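Trainee: what's the 3D shape of this:
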Amino acid sequence: MASLIINGKIKRVEPDETIETAILIDKGRILQIADPERINLKIYDRTEIIDAKGAVILPGFIDAHNHFTMMGTQRSELDLSGIRNREDIIEKIRQENAKLDPQMPIIGFNYEFDFIHQDHRLCAADLEAVAPDRMIQISDRGGHLSVTTPSTLKKAGILLNSREYADCIFPCGGNFGGFTGEICGVANSLLSDYLRIQFRDDQTLKRAWKQASNIATEHGVTSIHALVVEEEFEKLIQFQNQLPIKLKIYTETKNCKAVKTAGLKQVGGCGRVMVDGDTGPYTAAFLEPYRNRPNTKGLLYYSDEELEDYIWNAHSAGLQVALHCIGDAASEQFLNAIENAQQRNPRPIRHRIEHFEFGTSEQITRAKKMGVAISLQPTFNHYWPHTTYFSDLGEERAMRSDPIRSVIDRGVPVGFGSDCPVTPCDPLLTIYSAVNHSLPHERISPNQAIRCHTLGGAYLGNEETEIGSITVGKAADLVFLAADPAQVNPDEIKDIPVLKTIINGETVYSAN
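Mentor: Residues are numbered from 1 along each chain as shown. Take a look at the predicted model:
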C-alpha cells in the first residue's frame, strides 16, 4: 500500500529548501515529491492519506553516537540527575536498595559530583551504610568516575593496588593513602563492564533494546550509530530486525577479525577502546598540564604503538574506526595513527573522532586533509558550558571547548550524536545546544544543526545515498514537528513537540 503525505511543510535538507507539497511513499521509499494534484494514485489499489495538518516535516534524525544498550537500561537503573545534596543522594540509594532484588547490583548514573563540594561527596562508607552486602556503582554523568565499595571491587576481581593503576590521577587508589570509594580510569571501566555484562541476560538485553528504540522514536530519531560492547554485538545483529529503529553497530572491541567476520564495516566507540578519559577525574589527555593539577596532563590509554597497531588492523581490513577523544593529546595521537595507516595503505575510509571536545585549530586542518570525520555532541555544552573548565584548564583552553562552528566552517564532515545516556537522546535539545552555544563564536544556525543531525550523520555512517534528506529514491524516514526550529525563538527549539516518526514509510511513533 502506498502512502501520500499532504498539508505538510517539507524541509528537504538537500537541497536546502522548505516547500509545501506532497510526498508519495511506496515500498518504504520516497517515490515523488510534488503537488498532490499531479500525483497519479489510480495505479494503486489502495493509498493511505496522511494529513500532516501543517506540521513541519524533516528527514528522520540520526543519532551518530549512542550507547544503545545503556540507553535502554537507564530507566531500570538509579537516575541521580539534578540531585546535588549528599543526604538526598544517600536517601535515593537507600530507597533503591529497599526495593531492588537482593541479587542485583545497584547501578546509579548521573551522579553530579562536580557540583558537590569535595568534603561532601559520596564515599564508600556511605554506600556500605545504606546498601550493605550489595554490589554497587554510582557513576557520574560522563561515566568516567564512580563511587563503589571495597567488597564490590573484590567480588569483581579488581585490585586497586595493581601496577595497572599506578598512573591513576584521581585520588582513588592505595597510592593516595586510603580508599575513598571513588575510582576512575581502568578500574572504573572494568567495574562498569563487569556489573552491566554479568547481570544482563538475553531477555534483559531485548527489553533494553526495545526500550531504547521507543525512546529514540519518541524523539524523532530514525537511525542510531549504536555503540555496544563485544559481548553484545552479535546478539544485537541477530535482534535488530525486530526493532523499528535503524542501527549501525559500532563494537567497542579491538578484535577486528570478529567484527569483520560478523559482516560489519565499522569498529570502535568508547569504553574499552577509548583513547582517553574525561576532564572531571583528570583523565582526559592534554598536550599541556591541567591548570589546577600541574603535575598531570591526564591519561592516554594506549601507547603510540598500541594505537597504531589497532588502527592499522582495522584500516587494513577496510573497517572504519571511531574512537573517543576528549583532550587535544588524544586527538593528536588518533590523527597520528590514522596518518600512519593512510601512508601505509591509502584508502577512502571515513575514520571518525568521537567528541573532539578540546581539539585544536591545527588538528581541524589535519582532519580535513586526511578525510577524517568528527562526531560532535553539542549537548555537552548545554550541561557543561565553557566556563565549567576555567578552573581545571584555564580560560584559553576553555574558550575552544566543543568547537562546533570551527569544525563546520573548515569543511570537516560533522554528524551530531547524543552520547546517551551521558546526555539525552533528544535531537531538538542537541540542535538547541548548537544554536545557543555558550561561546557565541561557536554557534551555528538551526538549519546547519538540522543538517548535522540528518545528512551529516548519514555521511558519517556511509549512508548518505540512502538516508539523511527528503529525496526521491531515499528511504522514507521522516519526523513531523509542531514548528520549524529555524522559525522559532532559539530558546524555544528544545521544546518543539515531536508529532510523528516514520521509518521506511511506517509510522513508528505518533503523539496522538
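Trainee: any low-confidence regions in the stretch 151-300 of the chain?
Mentor: For the stretch 151-300 of the chain, the stretches flagged by pLDDT under 70 are 161-178.
Trainee: The same query, at a cut-off of 90, please.
Mentor: The stretch 151-300 of the chain contains residues with pLDDT under 90 at 158-180, 182-190, 193, 196-200, 280.
Trainee: now the strands for it?
Mentor: Counting by DSSP state E, counting those that start in this stretch, the segments of the stretch 151-300 of the chain that form strands are 182-184, 221-229, 246-252, 266-269.
Trainee: Is it possible to get CSV of those that adds distance to residue 68?
Mentor: Where you see a C-beta, it was placed from the backbone N, CA and C, and this is true even at glycine. Shown next, in CSV, are those (distance: least, CB to CB, whole Å):
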stretch, distance to residue 68
strand 182-184, 24
strand 221-229, 4
strand 246-252, 7
strand 266-269, 10
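Trainee: Which among these is found nearest to residue 498?
Mentor: Closest to residue 498 of the strands of the stretch 151-300 of the chain, according to CB to CB: strand 221-229, at 9.4 Å.
Trainee: returning to what we had before: can you list the strands of the stretch 151-300 of the chain in JSON lines and add mean neighbour count and distance to residue 363?
Mentor: Below are the strands of the stretch 151-300 of the chain laid out as JSON lines (neighbours: other CB atoms under 10 Å; distance: least, CB to CB, whole Å):
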{"stretch": "strand 182-184", "mean neighbour count": "26", "distance to residue 363": "25"}
{"stretch": "strand 221-229", "mean neighbour count": "27", "distance to residue 363": "22"}
{"stretch": "strand 246-252", "mean neighbour count": "25", "distance to residue 363": "22"}
{"stretch": "strand 266-269", "mean neighbour count": "27", "distance to residue 363": "18"}
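Trainee: So which of these is nearest residue 201?
Mentor: Among the strands of the stretch 151-300 of the chain, strand 221-229 sits nearest to residue 201 (CB to CB), with 14.7 Å.
Trainee: Starting from the closest one, tell me which strands it pairs with and how they run.
Mentor: strand 61-66 (parallel), strand 246-252 (parallel) (DSSP bridges).
Trainee: how far does it sit from the chain's center?
Mentor: 8 Å (CA atoms, centre = their mean, to the nearest Å).
Trainee: contacting residues around the closest residue to residue 231 other than its chain neighbours?
Mentor: Nearest residue to residue 231, sequence neighbours excluded (CB to CB, 6 or more residues apart in numbering): residue 197, at 5.3 Å. For residue 197, the contact set (CB atoms under 8 Å, 6 or more residues apart in numbering) comprises 229, 231-232.
Trainee: from these, which is closest to residue 348?
Mentor: Nearest to residue 348 among the contacts of residue 197, with distances taken as CB to CB, is residue 229, at 28.8 Å.
Trainee: Which strands and helices lie in contact with the helix or strand where residue 459 lies?
Mentor: Under the criterion of DSSP states H and E, residue 459 resides in helix 455-460. Secondary-structure packing of helix 455-460 (3 or more CB pairs under 8 Å, 6 or more residues apart in numbering; DSSP states H and E): strand 61-66, strand 221-229, strand 373-376, strand 414-416.
Trainee: would a markdown table of the ones you listed with distance to residue 329 be doable?
Mentor: Listed next are these as a markdown table, based on distance: least, CB to CB, whole Å:
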| stretch | distance to residue 329 |
| --- | --- |
| strand 61-66 | 21 |
| strand 221-229 | 22 |
| strand 373-376 | 17 |
| strand 414-416 | 22 |
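Trainee: These: which one's closest to residue 98?
Mentor: Here strand 221-229 is closest among those (CB to CB), at 30.0 Å.
Trainee: Quick check: closest non-adjacent residue to the most centrally placed residue in the chain.
Mentor: Residue closest to the average C-alpha location in the chain (CA atoms, centre = their mean): residue 419, at 1.9 Å. Of all residues not flanking residue 419 in the chain, residue 377 sits nearest, at 4.8 Å (CB to CB, 6+ apart).
Trainee: Quick one: neighbours of that neighbour, just the number.
Mentor: Applying other CB atoms under 10 Å, we find 27 residues neighbouring residue 377.
Trainee: now do residue 445
Mentor: 14.
Trainee: With residue 485 instead?
Mentor: So residue 485, with other CB under 10 Å, has 24 neighbours.
Trainee: so it sits right up against residue 450, yeah?
Mentor: Yes. With contact defined as CB atoms under 8 Å, residue 485 reaches residue 450; the gap is 6.4 Å.
Trainee: how about stretch 8-20: buried residues?
Mentor: Neighbour-count burial for stretch 8-20, counted by 16 or more other CB atoms under 10 Å, picks out 8-14, 18-19.
Trainee: An error on my part: the question was meant for stretch 465-484.
Mentor: 466-471, 474-481, 483-484.
Trainee: Of those, which pair is most distant in space?
Mentor: Most distant of the buried residues of stretch 465-484, by CB to CB, are 466 and 483, 27.8 Å apart.
Trainee: how near is residue 276 to residue 357?
Mentor: 10 Å (CB to CB, to the nearest Å).
Trainee: For residue 263, which of the strands paired with strand 221-229 is the nearest?
Mentor: Comparing the strands paired with strand 221-229 by CB to CB, strand 246-252 comes nearest, at 9.9 Å.
Trainee: any residues touching the closest one, and which ones?
Mentor: So strand 246-252 is contacted by 68, 222-230, 233, 236-237, 240, 258-259, 264, 266-273, 322, 461, 463, 467, 477, 503 (CB under 8 Å, 6+ apart).
Trainee: picking that back up, quick one: which of the buried residues of stretch 8-20 is nearest to residue 154?
Mentor: For the buried residues of stretch 8-20, the nearest to residue 154 is residue 13 (53.1 Å; CB to CB).
Trainee: how distant is stretch 477-488 from the center of its chain?
Mentor: 22 Å.
Trainee: okay, how far is it across that stretch, tip to tip?
Mentor: 24 Å (CA to CA, to the nearest Å).
Trainee: Which residues does it contact?
Mentor: So stretch 477-488 is contacted by 5, 8-9, 11, 18, 23, 52, 55-61, 220, 222-223, 246, 428, 431, 435, 445-447, 449-450, 467, 470, 492-493, 496-504 (CB under 8 Å, 6+ apart).
Trainee: Repeat the analysis, applying 7 Å as the threshold.
Mentor: With CB atoms under 7 Å, 6 or more residues apart in numbering as the contact definition, stretch 477-488 has outside contacts at 9, 11, 52, 55-61, 220, 222-223, 428, 431, 446-447, 450, 467, 493, 496-504.
Trainee: Equivalent analysis for stretch 61-76, please.
Mentor: So stretch 61-76 is contacted by 109, 205, 208-209, 211-212, 215-216, 220-228, 232, 354, 375, 377, 415-421, 425, 427, 453-454, 457-458, 460, 468, 479 (CB under 7 Å, 6+ apart).
Trainee: Same question for stretch 254-266.
Mentor: So stretch 254-266 is contacted by 230, 233-234, 237, 248-251, 253, 267, 273, 310, 313-314, 317-320, 322 (CB under 7 Å, 6+ apart).
Trainee: now with 6 Å?
Mentor: 234, 249-251, 267, 310, 313-314, 317, 319-320 (CB atoms under 6 Å, 6 or more residues apart in numbering).
Trainee: Out of those, which is nearest to residue 340?
Mentor: residue 310 (11.4 Å).
Trainee: so after whatever helix or strand the closest one lives in, what's the next helix or strand?
Mentor: Assigned by DSSP H and E, residue 310 belongs to helix 304-316. Moving toward the C-terminus from helix 304-316, the next helix or strand (DSSP H and E) is strand 320-325.
Trainee: and that following strand, average pLDDT?
Mentor: For strand 320-325, mean pLDDT rounds to 98.
Trainee: And residue 325, how far from residue 270?
Mentor: On the measure of CB to CB, residue 325 and residue 270 end up 10 Å apart.
Trainee: out of the two, which sits in the busier spot?
Mentor: residue 325 (28 against 25).
Trainee: Got a PyMOL select line for the buried ones in the contacts of stretch 477-488?
Mentor: Entered in PyMOL, the line below selects the buried ones among those, by 16+ other CB under 10 Å:
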select buried, resi 9+11+52+55+56+57+58+59+60+61+220+222+223+428+431+446+447+450+467+493+496+498+499+500+501+502+503+504
